[in-house]
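1. Any chance you can model this:
(chains A and B)
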Amino acid sequence: MADIGYIALFLALVASIYSAVAYILGGKRRIPQLVASARNSLLAVFGLISLSVILLVYALVTHNFQLEYVVSYTSRDMSLPYLLSALWAGNDGSLLFWGWLLSLFAAVVVLQKREFGQELVPYASAVMMITQAFFLLLLLSVSNPFQKIPFPPADGMGLNPMLENPGMILHPPALLAGYVGFTVPFAFAMAALLTRRLGDEWIIAIRRWTLLAWLFLGIGLIIGAWWAYVELGWGGYWAWDPVENAGLMPWLVATAFLHSVMMQRRRGMLKVWNMVLIILTFSLAIFGTFLTRSGILSSVHTFSESALGPFFLTFIGLSFFSALALLYLRWEDLKSEAELESFISRESTFLLNNLLLVGATFAVFLGTVFPVISEAVRGTEISVGPPFFNQVNGPIFLALILLAGVCALIGWRRASTRNLIRHFLWPLITALILGIALFVLGVRQWLALISFSICGFVLFTILYEWLRGTRARRRMRGENYFKAFWGLIITNRPRYGGYIVHIGVLLVAIGIIGSSLYDVEKEVTLQPGETMAIKDYTLTYEDLDFYETQSKVVVTATISAYNHGEPIGKLMPEKYFHRSYEQPVTEVAIRSTLCEDLYVILVGWDEDATATFKVLVNPLVIWIWIGGGVFVLGGLIAFWPERRASPILRQTKQGRG
Amino acid sequence: MLRKKRFLIGGMVIILAISYLGFVGFQSSVTYYYTVSELLAKGSSVYDQNVRLKGVVAPGSVEQESVGKVLKFTIVDGEESLPVIYQGVVPDTFKAGGEVVVEGQLDATGVFQAHKLMPKCPSRYVPQQQQ
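-> Just a heads-up that it's a prediction; the model follows:
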């Protein structure tokens, strides 16, 4: 069985190389038969990799301990969902999953019906198949998931108990789908450069692909943060760890790209810049895949040591520099069709947004790779901690949020001052009232006051914009408010989906601001019956319990919690000691409300049941997860196909945005 | 042309602002990363300076009166070793014989006072695992 999986991967490698070559020759010499055969072998690649994924999953589910991978990541007592998730628990399996996703996306690209941009498909497919061949090469050489071991053991080593969380089932696939998805827009961009078809075609062809990849990556990041928060027991959700940064960087650049393509679509501007952004996004996505596995950076995330490093660096270097070289060769064809007319215009807010997003990415990149650079240059490793990232990115993100508000109300080309005043007056007044209200309610930190007022301002601009649109529609069509609002969203999904995404990001920002400026933390050692107080909460430690299940010993502390003296229930932080696994697992107790989370960690205990707890009150954290949900909703609305069969090319279309 | 220049200047101002933020943030959070022997070779120049130290927890050296109290252990790399004192939550992944990164200061008595303890568990790909 395992041999079949390996052979399938080998055949897939041959087929992907043939496909890439045939696509390029067929496209260049215009031989339809060759292009058709390239397409068939692309589909064969998908079939072959699917076969080996099925075989690996089968081996995982049936406990085929002849395979090293199955031994390393599963055991007989694991439930089916976690057995399946073992496909991406390890290095080799997750690379196979990566390759499979790419072949799936490539198959969808060639099977998709499209009215224009068809000429780009052969070249784009060739680029995807080259990338595919690279990953297959890794799977066949240094990272073979079908590696056998000479003496199969009776049971496997099992999954790290820390990974037994729904996050394990959702977080890695979402993140990987995001990374892989950026290959498609990159491939179309390269195809546009190669064929000199540098108009709107490629931009239209990839809009939804970019959105999808960006959405997946965003979902992956949010779920990762949630997982860290509920499982790891240190009270936070983001630590600026290199591996987290690796996911954030392509997401930030892709965000910039999603905004700047609008400039190209509407005004024919920033063509070179868009190319640069998509090249960067792709390179950073590959870099992220690499960083998660290389172990070159001291991350607290743990890596398996592997020989992947040189392969990845070569591939990133080759693709990055050849893409830039190609871009340089086509420089003349990418002249901007329009000029910026005014500072006060939507164009300039987009420019600023791009500059800030790329600036933030650059700062994160520098901070992430700084230990490696300093080691190489000065011989000492220097790391920069979370304060660096927070200090740089805090103001940048705040400015970005402010821009999201300004941008919604400002017109393209040139906005008149009178219009500006008319549109901004109410949101500004409301934001000011919000700021004053917060001050009266006792918020005194100026940073919190400013940030919350900015968030309020942006929220009001979006709501105000919706109100104006709904009103206009109601007047024109005589619909009621609800119907008019619904119609507004449905007829212009990209735009209103975008606004909803902005609201989601705002809510996330509110959660982050609240929890990082107002978190309270206490560590106490209590005897049974003793009480501690934190903020408005009183916690009484009742007792300590031990019980055994089939696979583990569980230690549970019972705490009665009171808020302003009112009982709010029992909290039970726990610690698990798995039989098959050395390290204990902390299960935190969290009580979430819309206002704040009460977060209790059982740190340790004595024989006489004296126990030590770490207790945190994290305000507004729940809004990060709610905002994540809103973000996904908005993204899906923007992603959903428009009723109109195809978007119209810019030359013939009138203002819409 | 004049307009273009103005945009260019605007862009430069923003880039400078970001660099300034980066510089200030950098200065306040820069931490040197040493192995045990590197740190000892620095001598008294690193006393009371915030640094990260990596090494292995010497087997049999871990001492903790009771859970939640002060944790004492010896960190080693090759031949050199250093006593470490840490007060705080001990992560689940901490164990004798394992690789560890500690952050804190070396005091004049030659004891490393750690305020952060970050164990690593090698040979295992774990997507989410911090502090």
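
2. Pull the number of nearby residues for the closest residue to residue A:175 other than its chain neighbours.
-> Distances taken as CB to CB, 6 or more residues apart in numbering or on different chains place residue A:220 nearest to residue A:175, at 3.2 Å, with adjacent residues excluded. In short, each C-beta sits where N, CA and C put it, glycine included. When neighbours are counted by other CB atoms under 10 Å in any protein chain shown, residue A:220 registers 23.

3. Residue A:220 against residue A:178, yeah?
-> Yes: when contacts are counted by CB atoms under 8 Å, residue A:220 is listed as touching residue A:178 (5.5 Å).

4. Give me the domain ranges for chain A.
-> A:1-164, A:180-335+A:345-401, A:520-619 (automatic domain parsing).

5. among the ones you listed, which is nearest residue A:451?
-> Across the domains of chain A, the minimum distance to residue A:451, taken as CB to CB, is reached by domain A:180-335+A:345-401, at 6.0 Å.

6. what pLDDT, on average, does the closest one get?
-> For domain A:180-335+A:345-401, mean pLDDT is 89.

7. now do stretch A:585-597
-> Here the average pLDDT along stretch A:585-597 is 92.

8. Check the separation of the first and last residues in that stretch.
-> Chord length of stretch A:585-597, first to last residue, is 21 Å (CA to CA, to the nearest Å).

9. Same question for stretch A:512-523.
-> 23 Å.

10. ok, residue A:624 - how many residues close by?
-> Using other CB under 10 Å: residue A:624 sits among 23 other residues.

11. try the one 4 residues further on
-> Other residues near residue A:628 number 22, with proximity taken as other CB under 10 Å.

12. Could you say which helix or strand holds it?
-> helix A:622-639 (DSSP states H and E).

13. So which bits of that helix are buried?
-> Residues of helix A:622-639 classed as buried by neighbour count (16 or more other CB atoms under 10 Å in any protein chain shown): A:622-628, A:630-632, A:634-639.

14. thinking residue A:602 is in contact with residue A:611, fair?
-> Yes: judged on CB under 8 Å, residue A:602 makes contact with residue A:611 at a distance of 6.5 Å.

15. if I look at the two, which residues touch both of them?
-> residue A:557 (CB atoms under 8 Å, 6 or more residues apart in numbering or on different chains).

16. residues contacting the residue nearest the centre of chain B?
-> Nearest to the mean C-alpha position of chain B, by CA atoms, centre = their mean, lies residue B:52 at 3.0 Å. Residues near residue B:52 by CB under 8 Å, 6+ apart: A:383, B:31-34, B:101-103.

17. Pick the one among those residues closest to residue A:566.
-> residue B:103 (40.4 Å).

18. Provide the secondary structure category for that closest one.
-> strand (DSSP: H, G, I helix; E, B strand; the rest coil).

19. Repeat that for residue A:287.
-> Going by three-state DSSP: residue A:287 is helix.

20. Ignoring the adjacent residues along the chain, who's closest to it?
-> Nearest one to residue A:287, counting by CB to CB, 6+ apart, is residue A:316 at 5.9 Å.

21. Find the helix or strand that the one you found is a member of.
-> helix A:309-329.

22. buried residues in that helix?
-> So, applying 16+ other CB under 10 Å, buried residues of helix A:309-329: A:311-312, A:315-316, A:319-320, A:323, A:327.

23. Pipe the residues you listed into JSON lines and attach distance to residue A:290 per row.
-> Output for those, formatted as JSON lines (distance: CB to CB, whole Å):
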{"residue": "A:311", "distance to residue A:290": "9"}
{"residue": "A:312", "distance to residue A:290": "4"}
{"residue": "A:315", "distance to residue A:290": "9"}
{"residue": "A:316", "distance to residue A:290": "7"}
{"residue": "A:319", "distance to residue A:290": "12"}
{"residue": "A:320", "distance to residue A:290": "12"}
{"residue": "A:323", "distance to residue A:290": "17"}
{"residue": "A:327", "distance to residue A:290": "23"}
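
24. Please, where are all the strands along the chain?
-> You didn't say which chain, so I picked chain A. A:381-384, A:520-526, A:531-534, A:537-548, A:552-563, A:566-571, A:574-578, A:585-587, A:589-592, A:596-605, A:611-619 (DSSP state E).

25. My question was about chain B, not that one.
-> According to DSSP E, the strands that chain B contains are B:30-35, B:51-57, B:63-64, B:71-77, B:80-86, B:99-106, B:112-120.

26. Can you tell me which helices and strands the first one packs against?
-> Using 3 or more CB pairs under 8 Å, 6 or more residues apart in numbering or on different chains; DSSP states H and E as the contact test, the elements touching strand B:30-35 are strand A:381-384, strand B:51-57.

27. That strand pairs with which strands, and in what direction?
-> strand A:381-384 (antiparallel), strand B:51-57 (parallel) (DSSP bridges).

28. what inclination does that strand have with respect to strand B:71-77?
-> 70 degrees (axes from the mean of the first three to the mean of the last three CA atoms, to 10 degrees).

29. Pop out the phi and psi values for residue B:90.
-> Residue B:90 adopts backbone torsions of phi -90, psi 120, taken as degrees, to the nearest 10.

30. Assess the claim that it and residue B:71 are in contact.
-> Yes: counting by CB under 8 Å, residue B:71 is a contact partner of residue B:90 at 5.8 Å.

31. if I look at these two, which residues touch both of them?
-> Joint contacts of residue B:90 and residue B:71 (CB under 8 Å, 6+ apart) are B:64, B:117.

32. Could you pull up the residues touching the closest residue to residue A:439 other than its chain neighbours?
-> Leaving out its chain neighbours, the residue that sits closest to residue A:439 by CB to CB, 6+ apart is residue A:449, at 6.3 Å. By CB under 8 Å, 6+ apart, residue A:449 lies in contact with A:435, A:438-439, A:443.

33. What count of nearby residues applies to the closest residue to chain B within chain A?
-> Nearest residue of chain A to chain B: residue A:604, at 2.2 Å (CB to the nearest CB). Number of residues near residue A:604 (other CB under 10 Å) recorded here: 18.

34. beta partners for it?
-> Bridge pairing for residue A:604 - DSSP bridges - gives residue A:612.

35. my guess is it contacts residue A:613, does it?
-> No: counting by CB under 8 Å, residue A:604 does not reach residue A:613; the two are 9.1 Å apart.

36. which secondary element of chain B has the worst mean pLDDT?
-> helix B:2-29 (a mean of 80; mean pLDDT, DSSP states H and E).

37. any bit of it sitting next to chain A?
-> Yes: using CB under 8 Å from any CB of the partner chain, we find that helix B:2-29 touches chain A at B:3-4, B:6-7, B:10-11, B:14-15, B:18, B:21-22, B:24-26, B:28-29.

38. Can you report how many residues neighbour the residue nearest to residue A:637 when sequence neighbours are not counted?
-> Nearest residue to residue A:637, sequence neighbours excluded (CB to CB, 6+ apart): residue A:497, at 3.6 Å. Counted with other CB under 10 Å, residues neighbouring residue A:497 total 20.
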